[in-house]
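Undergrad: Here's a sequence, model it:
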Amino acid sequence: MNSKELTVEASLQAKEIKKLEKWLRMFLSVSSIFLVTAYWGFQGKGLRFAAGVTGIILTAACFLLAAVINLGIKKGRENIRRMLNLAENSDV
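TA: Residues are numbered from 1 along each chain as shown. The predicted model follows:
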């Protein structure tokens, strides 16, 4: 790969990271909705309590997915930095 190809690849990966950032925001927003559902559910009995337990489980799942996406974003940014440094320093 030459420096131009590395630069193009870095810009494509930057676009994908922006998409991942949208997914991250979405999962964090949805987890807050599930957290409110859990709080509401634990205020009652029976089916409402079951909704609270389900809310906690879904909140945890959303937080876990958000953490994985955040890790992907960090690693992606690191990869972009390496590619751009390589493109600047030498013609591969």
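Undergrad: Which of the three states applies to residue 43?
TA: Assigned with DSSP: H, G, I helix; E, B strand; the rest coil, residue 43 falls in the coil class.
Undergrad: quick one, phi/psi of it?
TA: Backbone torsions of residue 43, given as degrees, to the nearest 10, read phi -80, psi -10.
Undergrad: The closest residue to it other than its chain neighbours: neighbouring residues, count only.
TA: Spatially, and ignoring its direct neighbours in sequence, residue 43 is nearest to residue 52 (7.8 Å; C-beta to C-beta, 6 or more residues apart in numbering). C-beta coordinates here come from the backbone N, C-alpha and C atoms, glycine included. If you count neighbours by other C-beta atoms under 10 Å, residue 52 ends up with 18.
Undergrad: Okay, residue 52 and residue 30: tell me how far apart.
TA: Distance of residue 52 to residue 30, given as C-beta to C-beta, to the nearest Å: 17 Å.
Undergrad: what's the residue nearest to residue 43 in contact with, if anything?
TA: 37-44 (C-beta atoms under 8 Å, 6 or more residues apart in numbering).
Undergrad: Could you do residue 54 as well?
TA: 37-38, 41.
Undergrad: ok so, going back, state the helix or strand in which the residue nearest to residue 43 lies.
TA: helix 47-89 (DSSP states H and E).
Undergrad: where does residue 39 land on pLDDT?
TA: For residue 39, the pLDDT comes out at 96.
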